[in-house]
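Engineer: Got a sequence here, can you build the structure:
(4 chains)
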4 protein chains.
Amino acid sequence: MQAITDGDTYIDSLRGRKMKVYLMGELIENYVDHPMIRPSINAVAETYDLAVREPELASVESKLTGRRINRFLHIVESPDDLVMQNKMQRKLGQNTGTCFQRCVGMDALNALHSTTYEIDEKHGTTYHKKLLDFIKMIQGENAVIGGAMSDPKGDRSKGPSEQVDPDLYTHIVAKDDKGIYVSGAKAHQTGCINSHWIIIMPTMRLTEDDRDWAVVGAIPADAEGLTYIYGRQSCDTRSMEEGDIDDGNAKFSGQEAMIILDKVFVPWEHIFMNGEYEFASMLVERFTCYHRRSYVCKTGVGDVLIGAAGTIADYNGVPKVSHIREKMIEMTHLNETIYAAGIASSYQAQKMKSGVYLNDDMLAQVCKHNVTKFPYEIARLTQDIAGGLMVTLPSEKDFRNPETGPLLKKYLVGRKGVDVENRMRILRLIENMTMGRNAVGYLTESMHGAGSPQAQRIQIQRQMQLGYKMNLAKNLAGITGDNNEPSEDASYFRRVFKIEKRPPPEE
Amino acid sequence: MQAITDGDTYIDSLRGRKMKVYLMGELIENYVDHPMIRPSINAVAETYDLAVREPELASVESKLTGRRINRFLHIVESPDDLVMQNKMQRKLGQNTGTCFQRCVGMDALNALHSTTYEIDEKHGTTYHKKLLDFIKMIQGENAVIGGAMSDPKGDRSKGPSEQVDPDLYTHIVAKDDKGIYVSGAKAHQTGCINSHWIIIMPTMRLTEDDRDWAVVGAIPADAEGLTYIYGRQSCDTRSMEEGDIDDGNAKFSGQEAMIILDKVFVPWEHIFMNGEYEFASMLVERFTCYHRRSYVCKTGVGDVLIGAAGTIADYNGVPKVSHIREKMIEMTHLNETIYAAGIASSYQAQKMKSGVYLNDDMLAQVCKHNVTKFPYEIARLTQDIAGGLMVTLPSEKDFRNPETGPLLKKYLVGRKGVDVENRMRILRLIENMTMGRNAVGYLTESMHGAGSPQAQRIQIQRQMQLGYKMNLAKNLAGITGDNNEPSEDASYFRRVFKIEKRPPPEE
Amino acid sequence: MQAITDGDTYIDSLRGRKMKVYLMGELIENYVDHPMIRPSINAVAETYDLAVREPELASVESKLTGRRINRFLHIVESPDDLVMQNKMQRKLGQNTGTCFQRCVGMDALNALHSTTYEIDEKHGTTYHKKLLDFIKMIQGENAVIGGAMSDPKGDRSKGPSEQVDPDLYTHIVAKDDKGIYVSGAKAHQTGCINSHWIIIMPTMRLTEDDRDWAVVGAIPADAEGLTYIYGRQSCDTRSMEEGDIDDGNAKFSGQEAMIILDKVFVPWEHIFMNGEYEFASMLVERFTCYHRRSYVCKTGVGDVLIGAAGTIADYNGVPKVSHIREKMIEMTHLNETIYAAGIASSYQAQKMKSGVYLNDDMLAQVCKHNVTKFPYEIARLTQDIAGGLMVTLPSEKDFRNPETGPLLKKYLVGRKGVDVENRMRILRLIENMTMGRNAVGYLTESMHGAGSPQAQRIQIQRQMQLGYKMNLAKNLAGITGDNNEPSEDASYFRRVFKIEKRPPPEE
Amino acid sequence: MQAITDGDTYIDSLRGRKMKVYLMGELIENYVDHPMIRPSINAVAETYDLAVREPELASVESKLTGRRINRFLHIVESPDDLVMQNKMQRKLGQNTGTCFQRCVGMDALNALHSTTYEIDEKHGTTYHKKLLDFIKMIQGENAVIGGAMSDPKGDRSKGPSEQVDPDLYTHIVAKDDKGIYVSGAKAHQTGCINSHWIIIMPTMRLTEDDRDWAVVGAIPADAEGLTYIYGRQSCDTRSMEEGDIDDGNAKFSGQEAMIILDKVFVPWEHIFMNGEYEFASMLVERFTCYHRRSYVCKTGVGDVLIGAAGTIADYNGVPKVSHIREKMIEMTHLNETIYAAGIASSYQAQKMKSGVYLNDDMLAQVCKHNVTKFPYEIARLTQDIAGGLMVTLPSEKDFRNPETGPLLKKYLVGRKGVDVENRMRILRLIENMTMGRNAVGYLTESMHGAGSPQAQRIQIQRQMQLGYKMNLAKNLAGITGDNNEPSEDASYFRRVFKIEKRPPPEE
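Structural biologist: So this is what the prediction gives:
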């Protein structure tokens, strides 16, 4: 594959692949130009174009090869590298107003870096080297890597090997001297048809009986045996209509699909876990640690929505009314609260044995947990500011119709100097982001992506070091002889009180 | 018109009317059977069918005629009558899962009852008698009355007579011996194409210069000069697709349209205000007082969504997990908090000079203000419980496709005994109510219908009797010689501490 | 005992009783005039004085005797009677700014009315008649009845009969032909030393092994064997200091004590349950149903705090600043949301077999559950408006000191025309209600009185009729053949959709 | 003054000073050993002892002198230095459970570092050099610096020079060749009697007429003309009682006093602003930028309260109940959300012209704004977990009394193995932190310290770059020709998207 250099060459790279993609009951040949799919490809293309326009932000020099690469393919070498991911994510959220779908791969590569190292250390395997070779190759190609983790799960009270149907979790069904064959499915795949590679990973802690489900491997997105069934999204068919107003955000969207794997082949060189079930939870936890902090992207999307709220307030002629102003402030406050937790998590990182840095786990949970709430409140406040017209506005076709168009232009006029079409456009963008297509990414994905709210709460519980805190209280209350043993394995306060030594940044 | 007796005869009554209805850029002849419009007609039909099935709940004996009539056409004769409206509203919310669009007319008739009486008292006019005649007629017909209040408003910093274009508020453009002619527009009309009569009313406090805008009149929905432009709603075109799963709620929806009035004639007998500008605010305040408490309907819709959350939790196999249970409780608590404020407002009613009862204004604001927040939180919690599948689920067509259908049935299996189609159906209902078509009614209309949040806050401020409360505090703090004058005209605490005398209910 | 006619004769009625009252490590002889105790007696006295000043509100004609009695001693004969309790409670909250401690007895009598009736029905006992005789007597006396429910509980994972020490729940230790003897303790007794009678009741569901703990009886507050240990409250000793400013609310406060029972005799005629363990939960649930709605009193206290916030905003010269105004509105909205749930619960009452009315249980939970949150937010907002001076203000003694007094008067000046002492007084009242003595009643008692938050949530869960709601959702989603059995015993929606018939109130 | 080396020598250093301190109406000679004042001195002493026990955390090598100094006296030389302040603050919050009162001075010195540099740059003055000399001296002494900013303000609608009484803002009343003389007062002084130096600063933006109020100077805490009037705190006199249980936290508390300045002399070498009124707002904004992020200390106090909640849950025997666990998680989540914003603000710092670093202003506001809410919710949840006993618990004296002590020990028993005294102690600590003496620091000071909530909102508004965000939205909505000018002077996104370059930390 020729190295991709920008958004256009990226889009070209997707053409000509033979893939089984179903959408609305039909097998789609040219999914690249399909109007319902294309916006999600555009969003990924922007990750390339940003690296061209703002190389300091979205590309980085890799120690692995000494070459400048897209930041999404970088193995992080410092806390600042983690922070820079967040900054790039915020910018891409601002530029696309949706999910740009490339973070899962980035976070998976970094999680695998340390996990493969530690598997090798215990088992004498060579996964880490194979992973490094794979990373070097894709850095050369500048490829899009999709990470596939969520299995369908079936009966949630049972583990993989206990399911009536073993395929409900993706697993190895055969092996030969060239590699392995896997079957199963991966649900809720954010960005996959627009990827070049899919890395499959287990989705949860596994037991000894689950050896065949303990598999990690990289698969070309057009490998034989893969079937993609495209998920519906609110208002998705508007992109099939004439015009671009009713879309709200005609250019960008996310992508969700179910991937079915039917005896898909993975060669040995692209296998990074194979039966070491006891490392599944380590991989999942490190991946979610990176990925929950990656939800800083939603602050960039939030910036767009706050901007849309500000615009409609202006078009309605009420930007300085005190309650509007207070709501704008509140939205900003919530948005920056999310951002702060992401940055703090990235900054308070620790170096792993393999040399990669892992951001702070407690603060990653805190970041994501706020993401499961605040975007909903920002969306609610934006709907408040927008007014009811957002859900009663006639269609673009009515606006273009010679009979009704002039009536709408006459009656939908706002404050002086505001173009009615612009008013419609901004209202449609708000609809798009709060109940339409990109509400999927801004709201529901914020809820469930990288783990549902309760998953974060469980992780917070594990790390909250209650015994340590109980001792603080007992000490001040004058309680003696009843101290808690410091036996907790949680290390949060070790990170909090760690002393960092390094020079101030260069100016 | 022949008296309507049930849902079917209601639907028949809509046929054969010549109306100018535009939808998606086209003039629609048969709007009754149009798949995008029909669900909103079905919702109104249910208001008739309920009166047949549960006459005690949805019909009532009117003192005006001595006949049993649909409760939506009733002039309330006691606090209990107001409470019964709330109970009927909750039931209809439960039965339709959406806005059934008939409350605006009900609340407008009751607000006009006392307002026309008081106009007549001052001006010696005869609006009240004309109104009573009109009410008797429509009670005989069992008609649907739409209330049209929201003008387009244009530049919000200016009043009706100050606008560059006088039509931005509906107004009288001509008069003759038969009646008047009005022009303008009414926006965000919830339920209008499926109404028989439209009552136009001013939307705000008016000044002396606004006499021509101080007009109230009843107009047949198919009057000459009326043009309807149908509003778009999230996912509205799904009802045009084959199948009924992706709709979520295929049978019921709301309806929003813009009405353009071009020299529409209103005969003198159907005019209930004509230039008495100083009564515009009274009418608006009494209407919103009734109507903000009518939002108890959303607790019925909330019951459906809570039931949907309970169902998907059950289908996913996790109904007894503690955090799920807590979320179900929280949703119920929020929903009943709304209900309680509506009931309390209805119960704490006062009798007006005309004999009609008006529910408590402060508590009506409190009810509606909670409605601008709690449904959003209930929706968020439901999305939490539903899981990400709600936004990644493939289409019904994929489910019916012989290639992908079996794959979906295999992989979307939940706990044992759950039919995959049922699981899809309940997820689509949740999508419908939280980001799809009925999210318009459950969320955005809850925000803006009957007045946006700040409108309630202003009314709360007007009635909060701060001087009275400051005296309470000063008294307890031992402050003397600095008491506030009890000059406030707000009467909330007079209602709170009023002693009611009546026998207990019959058993 | 001579009938009490007003606050003064009430206070006299407390004198001369021999009671063992401990406070701060000392046995208190004259607890009536003790400065730390007296404010709690004054609060009860106000329940008498109100009945004199506003007889319609705080007294009522009882069917039992045909005489006009204090409303606190009334057996409710209609939903309106329940509503009137709430209105009286709000007024007393306004007049005292604290807990007036007389509701527990009122709610206990009403709960016992129906429970004793139903015990008799099953067991052929005569508790109901004995209760009626007791009620008639205390109505004649116009006595204060304290209800004692909370046992110390010891190890919460064990029931009464399973505790190492059987006294951890109050129980029968001996019987003879005159009556029974009980030992144990009752904790957190709000209003007891200022009561004439204490009714002891079980605190939870009991089993067959707990027969000896299934006891209800009325005991004179000065009975032999009773010991009272007075609880500390924040800032309680300020009432021992000179001056009245630093108290905040020098006249009124609540009262909390632990009661120890050491073989206290109860004659047979004052025993209303004796071993019928299976009725313990009925009694507890009915009592808490009444009592959780009684927390409407906190809206009266809230009125005082809102008034205090309004006063300090005025004294600081900022009453019209928009964010202050919004906070005043928010506080009012929260306060009225509590009130509405109480009123709706009272109104949506049902008649019990014994003839007494019981308010709606679901809405009682909703009312109390909001009480566990909103007063804290109202207090927080008041502290926001008050400014930091509330916690940095020097003492009244510094204000009276000839050296520092003039300095304070010079530097604590607010807007023109405001007396510095008045500013201090209102700040001390806010301190009193948000972190001082009456914060105990306004905040912590709001949290735990009548059951902690989780107790309400469990009751909401029991009554939320999820199966009914799931059927609503399934019906709209087009799910057939999977309906839930309507086997739930909860009857909430039966009450919601019950049709009441009665004439409108007299004017 | 001899250099202070630890807590003990610090306490010694306070002795023997002649200061006019009034408390409860009396002039206090030995304030060092006064039981109501001593806990606030102990809290400062802990800032010394921590530096001995954990030198990496609480001391630092200063470039100014090359000597290792207490971190509170350090001029920050890098973003990491700012982060380290936060970590030290959290630890001290954990160790004292209250405000340790030394941050104001730290933040004032750093704010003055850049401000004096920029005044000199414009006016050719020599304040910066004088400041550096002063800092070197106090670093040598290891002194406590109190910062005094809040003027009494009088009529808040008027500026300093417009007040009827010019002293309502501290100002210069005379000058001579040795220095200046200032009069006025400083209110709400957190930590002053236990300081060695007081730096007075203006409290707000000043105009040309306010030249005499534009004064910054360092004054010894025992300077002639200073009068201290000690503020009351909730439950403050408990420290005067026998025993230590009822105190809750007997060792540590905060300190609030009003300082009156009566012609206090400041020599020229200790004057760092003198009439340059246009720099007053710069100084205030930079100081509050540092100081609002310093409220990370409250997360350390929060750790104590969470630990207390965990302890009482354990003592009550319910630590694993699901709703308790969820509340513990929620408290932790809120606490860490505050922490994250502080760390992110410190990390996203910028270098000022003088060489000092200033933390991010937007994120500092976000940090503090969360502090005005979350501790109140943490306190509410802790009261929920604690149970009602917290406010009904008898006094320590009752516990020591031979009559009541055994009764309390018998009846206040919790789960097996829990000492009743320990249970009392932890409940008193919770009372202390949620409504008692340290609630002043944990709650009300969190509300108003470093500026009340609205002050943060105004700063957020100034920096939210709405025009930039509106352009993002317009771009995605397809709106052309209506872009906002990037004329905003806010630089938040410049900091967000700034690329930092520096090596990873040393291991």
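Engineer: the helices in the stretch 351-500 of chain A, which residues?
Structural biologist: Remark: helices assigned in the stretch 351-500 of chain A by DSSP state H, counting those that start in this stretch are A:361-371, A:374-386, A:396-400, A:404-411, A:420-434, A:439, A:445-448, A:453-463, A:466-477, A:492-496.
Engineer: Against which helices or strands is the last one packed?
Structural biologist: Using 3 or more Cβ pairs under 8 Å, 6 or more residues apart in numbering or on different chains; DSSP states H and E as the contact definition, the elements that helix A:492-496 packs against are helix A:361-371. For the C-beta atoms, the positions are set from N, CA and C on the backbone; glycine is no exception.
Engineer: Can you pull out the low-pLDDT segments for the stretch 401-507 of chain A?
Structural biologist: Applying pLDDT under 70 to the stretch 401-507 of chain A picks out residues A:486-489, A:507.
Engineer: Next, A:Thr203: secondary structure please.
Structural biologist: coil (DSSP: H, G, I helix; E, B strand; the rest coil).
Engineer: In this structure it contacts A:Ala148, no?
Structural biologist: No. Using Cβ atoms under 8 Å, A:Thr203 is not in contact with A:Ala148, being 9.2 Å away.
Engineer: neighbour-wise, which of these two wins?
Structural biologist: A:Ala148 (26 against 22; other Cβ atoms under 10 Å in any protein chain shown).
Engineer: Contact partners for the closest residue to that one other than its chain neighbours?
Structural biologist: With sequence-adjacent residues excluded and distances taken as Cβ to Cβ, 6 or more residues apart in numbering or on different chains, A:Ala148 is closest to A:Lys186, at 3.9 Å. Contacts for A:Lys186 were tallied using Cβ atoms under 8 Å, 6 or more residues apart in numbering or on different chains; they are A:148-151, A:170, A:198, A:200, A:258-259, A:261.
Engineer: now A:Lys178
Structural biologist: A:Lys178 is in contact with A:265, A:267-268, counting by Cβ under 8 Å, 6+ apart.
Engineer: A:Leu168 too?
Structural biologist: Residues in contact with A:Leu168 (Cβ under 8 Å, 6+ apart) are A:151-154, A:160, A:184-185, B:411, B:413.
Engineer: Point out the residues in the stretch 51-200 of chain A that sit beside chain D.
Structural biologist: A:56-57, A:77-80, A:83-84, A:87, A:90-91, A:94-97 (Cβ under 8 Å from any Cβ of the partner chain).
Engineer: Any of those residues buried? List them.
Structural biologist: The neighbour count (16 or more other Cβ atoms under 10 Å in any protein chain shown) marks A:57, A:77-80, A:83-84, A:87, A:90-91, A:94-97 as buried among these.
Engineer: In a markdown table: those residues, plus secondary structure and distance to B:Val32.
Structural biologist: Below are these laid out as a markdown table (DSSP: H, G, I helix; E, B strand; the rest coil; distance: Cβ to Cβ, whole Å):
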| residue | secondary structure | distance to B:Val32 |
| --- | --- | --- |
| A:Leu57 | helix | 57 |
| A:Glu77 | coil | 67 |
| A:Ser78 | coil | 67 |
| A:Pro79 | helix | 65 |
| A:Asp80 | helix | 65 |
| A:Val83 | helix | 60 |
| A:Met84 | helix | 60 |
| A:Lys87 | helix | 56 |
| A:Arg90 | helix | 50 |
| A:Lys91 | helix | 51 |
| A:Gln94 | helix | 46 |
| A:Asn95 | helix | 46 |
| A:Thr96 | helix | 42 |
| A:Gly97 | coil | 39 |
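Engineer: how about the residues you listed in CSV, adding pLDDT and distance to C:Val391?
Structural biologist: Below are those laid out as CSV (pLDDT from 0 to 100; distance: Cβ to Cβ, whole Å):
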residue, pLDDT, distance to C:Val391
A:Leu57, 97, 46
A:Glu77, 96, 49
A:Ser78, 95, 44
A:Pro79, 96, 39
A:Asp80, 95, 42
A:Val83, 97, 39
A:Met84, 97, 43
A:Lys87, 97, 41
A:Arg90, 98, 39
A:Lys91, 98, 44
A:Gln94, 98, 42
A:Asn95, 98, 48
A:Thr96, 98, 48
A:Gly97, 98, 46
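Engineer: and whatever residue of the stretch 251-400 of chain A ends up closest to chain B, how far is that from A:Ser234?
Structural biologist: Closest residue of the stretch 251-400 of chain A to chain B, Cβ to the nearest Cβ: A:Lys397 (2.8 Å). Noted for A:Lys397: a distance of 20 Å to A:Ser234, by Cβ to Cβ, to the nearest Å.
Engineer: Looking only at neighbour counts, state which of the two leads.
Structural biologist: Set A:Lys397 next to A:Ser234 and count neighbours by other Cβ under 10 Å: A:Ser234 wins out with 27 against 20.
Engineer: part of a helix, is the more buried one?
Structural biologist: No. Going by three-state DSSP, the assignment for A:Ser234 is coil, not a helix.
Engineer: Let me know whether it touches B:Cys235 as I believe.
Structural biologist: Yes. Applying Cβ under 8 Å, one finds A:Ser234 in contact with B:Cys235, separated by 5.6 Å.
Engineer: Quick check: neighbours shared by those two?
Structural biologist: With Cβ under 8 Å, 6+ apart, A:Ser234 and B:Cys235 have common neighbours B:431, B:435-436.
Engineer: could you dump the residues you listed to a markdown table with neighbour count and distance to chain C?
Structural biologist: Formatted as a markdown table, the shared contacts of A:Ser234 and B:Cys235 follow (neighbours: other Cβ atoms under 10 Å in any protein chain shown; distance: Cβ to the nearest Cβ, whole Å):
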| residue | neighbour count | distance to chain C |
| --- | --- | --- |
| B:Glu431 | 30 | 11 |
| B:Met435 | 30 | 16 |
| B:Gly436 | 27 | 12 |
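Engineer: before we move on, the earlier item: the residue of the stretch 251-400 of chain A closest to chain B is in contact with B:Leu27, isn't it?
Structural biologist: No. Using Cβ under 8 Å, A:Lys397 is not in contact with B:Leu27, being 11.8 Å away.
Engineer: Now do the shared contacts for these two.
Structural biologist: Counting by Cβ under 8 Å, 6+ apart, nothing touches both A:Lys397 and B:Leu27.
Engineer: Next, the contact list for A:Asp246, please.
Structural biologist: Residues counted as contacts of A:Asp246 (Cβ under 8 Å, 6+ apart) are A:238, A:395-396, A:428, B:232.
Engineer: Present these as CSV; the columns should include distance to chain D and neighbour count.
Structural biologist: Shown next, in CSV, are the contacts of A:Asp246 (distance: Cβ to the nearest Cβ, whole Å; neighbours: other Cβ atoms under 10 Å in any protein chain shown):
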residue, distance to chain D, neighbour count
A:Arg238, 14, 28
A:Ser395, 16, 28
A:Glu396, 11, 24
A:Arg428, 7, 27
B:Arg232, 16, 25
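Engineer: Tell me the one of those residues nearest D:Glu377?
Structural biologist: Of all the contacts of A:Asp246, D:Glu377 sits closest to A:Arg428, with 37.3 Å by Cβ to Cβ.
Engineer: give the contact list for the closest one.
Structural biologist: Taking Cβ under 8 Å, 6+ apart as the criterion, A:Arg428 is in contact with A:245-248, A:393, A:436, D:477.
Engineer: Contact distance from chain C - what residues of chain A qualify?
Structural biologist: Within chain A, the positions near chain C by Cβ under 8 Å from any Cβ are A:322-323, A:326.
Engineer: Kind regards, and thank you for your time.
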